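Visitor: What follows is a protein structure lacking sequence information:
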């Protein structure tokens, strides 16, 4: 995981929020929280940086495929 000096994930990094069991991309930092947005876009949510897990390349690919599959089912 790419982190700054405080151990906070970098903007743009894909992470797993273990509290909400959701995957998102880091959009910013406000106070003690990290703002995450779903990989396919959508509403941001606040997450505690202590409960974020960096995605491996395989996990990121799996999450992106799951998002694409969800979108393809909705387009019908």
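Guide: Thanks, I have the structure now. Bear in mind that the values here come from a model prediction, so they are computed numbers and not experimental data.
Visitor: going forward, measure contacts between C-alpha atoms and count neighbours the same way
Guide: Will do.
Visitor: Buried residues in the helix or strand encompassing residue 71, which are they?
Guide: Residue 71 belongs to helix 57-74 when elements are defined using DSSP states H and E. Neighbour counts over helix 57-74 (16 or more other CA atoms under 10 Å) mark 60, 63 as buried.
Visitor: Show residues contacting that helix.
Guide: 14, 23, 39, 40 (CA atoms under 8 Å, 6 or more residues apart in numbering).
Visitor: tell me, which strand in this protein spans the most residues?
Guide: Looking across the chain with DSSP state E, the single longest strand is strand 22-30.
Visitor: Just list what that one packs against, helices and strands only.
Guide: strand 14-17, strand 33-38 (3 or more CA pairs under 8 Å, 6 or more residues apart in numbering; DSSP states H and E).
Visitor: Give me the neighbour count for the closest residue in space to residue 38 that isn't next to it in sequence.
Guide: Residue nearest to residue 38 in three dimensions, not counting chain neighbours: residue 24, with 4.4 Å by CA to CA, 6 or more residues apart in numbering. Residue 24: 26 surrounding residues under other CA atoms under 10 Å.
Visitor: so residue 24 bridges to which residues?
Guide: Here residue 24 sits in beta bridges with residue 15, residue 38, as judged by DSSP bridges.
Visitor: For the residue nearest to the spatial centre of the chain, list the residues it contacts.
Guide: Nearest residue to the geometric centre of the chain (CA atoms, centre = their mean): residue 24, 1.7 Å. Residues near residue 24 by CA under 8 Å, 6+ apart: 14, 15, 16, 17, 36, 37, 38, 39.
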